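Colleague: Predicted model, plus sequence, below.
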Amino acid sequence: MMREQLEKEIIRRFGPCYGSKRCREQLREIITNALDRYDEEIRNGAASNDAYQIALSSIGSFRDLRRTLGAVKRRNAILFSIFGFITTAILIVCALYGLWTYFVPIAVCAAIGFAALYNLLNGRTKAKRLYIVTVAICGAIIAYLVFILAFTLPIVITGTNERNQSVAYDYREQAASIESVSYVQITDIAYGEETDTLDYNVRKAFGNDQTTALLNDLCSLPYRRYENSPRALKTGDCGFLIRFDPEASDLLYALYCEHVAVVVKRTPTGILVSSRYSYCKPSDWKRLLETYLP
Amino acid sequence: MAISSDLIRGHIDTIIMARLMKGDTYGYEINKELRTRTNGAFEIKEATLYSAFRRLESSDYISSYWGPNEGGARRRYYHLTDLGRIECSVQLSAWCETRSLLDRLLQTED
């Protein structure tokens, strides 16, 4: 009874042996030695409780013993495993989305993580500090790459850039269908009316080539990342009212999606496109238009 | 006797190798002999003993193998290698010299 209790207590104090096979074998050996000591004390006439205590104390510090036998703390084994699996998962994502730029550094991190885990589980603890530093560096690299991926993946998934490029191509082909471009500013949102502050019939003034050039420049205005849902018009919005052939819906979509505007108001003969973004100010639009004025 | 305990502990590797010079044995037996020969005055903890074993094995001074099954328990036996014998001899001569020096230095009478 006391012998079983002694064995259980030693195993409990030592903790799980996430180490090499040798670690488990040596622990077994130490348990056998402790039991021999217990038997010896009993033979020498000691009480079972005293013999139990003597046998247990003969082992010494369990912390030192764990270090000596190269036992890995469960926490460290789990942390290294998680690190290895996370980096492997990121590798798979990179491969699926063709992000080959990130593949090599993440593969290196995954290899280091698994190598560290392998060496720890095999009791090679001498280079423990080196592994910790390496893993810390890898962790920083991974965090940086995840940060980059957070911005890259949505574009890859939605295919926004590709759509923009195809829209730009459509736009150039259909620019001729635009009848006029007027600069307007919303002054009274309640009635959904726009009030012209500057009204230039671009096509009449400049002809087809210059209209195309103007629309090229409209599309080159700085913009932020495209968002799917347009916001509602509000007082102060400004932009260009593009009147066009109703059948030129592709062009409308092209201009809507690409750079010129996100917010749209339909009129019987055209649309109002407005810049969503604060740094595409009215002055920018006006300056652009004024370059085309005679 | 703090000084002698530290002194003994500092030579534990040599003590183990000297015991293995007489023949292969296992860890418990080594510890038991230490207690017996010092009349219970000195005892080495398992953690210290196995730390010494690990050290000696990594230096290739000793090797180990599983012994026969005795009464349901398998024991790991330790064997002094040829390199270990040489090292033990070197350590023993160094100890003899050190002991002689200490004896001379600690003489209270001329």
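Modeller: Looks like it arrived, so ask away. Numbers count the residues shown, from 1 in each chain, chains lettered A, B, ... in the order given.
Colleague: Put the alpha carbons of the host helix or strand of residue B:91 into CSV.
Modeller: Assigned by DSSP states H and E, residue B:91 falls within helix B:82-105. Extracted in CSV, the C-alpha atoms of helix B:82-105 (Å, rounded to 0.1, in the frame of the first residue of the first chain):
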residue,chain,number,x,y,z
ASP,B,82,38.4,2.6,-20.9
LEU,B,83,38.4,6.4,-21.2
GLY,B,84,36.7,6.5,-17.8
ARG,B,85,39.4,4.3,-16.3
ILE,B,86,42.1,6.6,-17.5
GLU,B,87,40.2,9.7,-16.3
CYS,B,88,39.6,8.0,-12.9
SER,B,89,43.3,7.3,-12.5
VAL,B,90,44.1,10.9,-13.3
GLN,B,91,41.6,12.1,-10.8
LEU,B,92,42.8,9.7,-8.1
SER,B,93,46.4,10.8,-8.5
ALA,B,94,45.3,14.4,-8.4
TRP,B,95,43.4,13.7,-5.2
CYS,B,96,46.4,12.0,-3.6
GLU,B,97,48.5,15.0,-4.4
THR,B,98,45.9,17.4,-3.1
ARG,B,99,45.5,15.5,0.1
SER,B,100,49.2,15.4,0.7
LEU,B,101,49.4,19.2,0.1
LEU,B,102,46.5,19.8,2.5
ASP,B,103,48.0,17.7,5.1
ARG,B,104,51.2,19.7,5.0
LEU,B,105,49.4,23.0,5.0
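Colleague: what helices or strands is that helix leaning on?
Modeller: Judged by 3 or more CB pairs under 8 Å, 6 or more residues apart in numbering or on different chains; DSSP states H and E, helix B:82-105 is in contact with helix B:12-21. Heads up, the C-betas are built off the backbone N, CA and C, glycines and all.
Colleague: Residue A:28 is in what secondary structure piece?
Modeller: helix A:21-43.
Colleague: burial count for the closest residue in space to residue B:19 that isn't next to it in sequence?
Modeller: Using CB to CB, 6 or more residues apart in numbering or on different chains and skipping residues adjacent in sequence, the residue nearest residue B:19 is residue B:30, 5.5 Å away. If you count neighbours by other CB atoms under 10 Å in any protein chain shown, residue B:30 ends up with 20.
Colleague: And the pLDDT for residue B:30?
Modeller: With respect to pLDDT, residue B:30 scores 91.
Colleague: what about dumping the CA coordinates of the strand or helix carrying it to PDB?
Modeller: Using DSSP H and E, residue B:30 sits in helix B:27-37. Written as PDB, here are the backbone C-alpha positions of helix B:27-37 (Å, rounded to 0.1, in the frame of the first residue of the first chain):
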ATOM      1  CA  GLY B  27      22.500   3.700  -9.000                       C
ATOM      2  CA  TYR B  28      20.900   2.500  -5.800                       C
ATOM      3  CA  GLU B  29      23.800   0.300  -4.900                       C
ATOM      4  CA  ILE B  30      26.300   3.100  -5.300                       C
ATOM      5  CA  ASN B  31      24.200   5.300  -3.000                       C
ATOM      6  CA  LYS B  32      23.800   2.600  -0.500                       C
ATOM      7  CA  GLU B  33      27.600   2.000  -0.400                       C
ATOM      8  CA  LEU B  34      28.200   5.700   0.100                       C
ATOM      9  CA  ARG B  35      25.900   5.700   3.100                       C
ATOM     10  CA  THR B  36      27.400   2.500   4.500                       C
ATOM     11  CA  ARG B  37      31.100   3.500   4.100                       C
END
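Colleague: quick check, distance from that helix to the centre of its chain.
Modeller: 10 Å (CA atoms, centre = their mean, to the nearest Å).
Colleague: so residue B:60, which of the three states?
Modeller: Applying DSSP: H, G, I helix; E, B strand; the rest coil to residue B:60 yields a three-state assignment of coil.
Colleague: Now chain B against chain A: closest residue?
Modeller: Residue nearest to chain A within chain B: residue B:45 (2.8 Å; CB to the nearest CB).
Colleague: Counting neighbours, what do you get for the nearest residue to that residue once chain neighbours are set aside?
Modeller: Leaving aside its chain neighbours, residue B:45 sits nearest to residue A:60 (2.8 Å; criterion: CB to CB, 6+ apart). Residues near residue A:60, counting by other CB under 10 Å, number 19.
Colleague: Angles on the backbone of residue A:60, please.
Modeller: phi 90, psi -150 (degrees, to the nearest 10).
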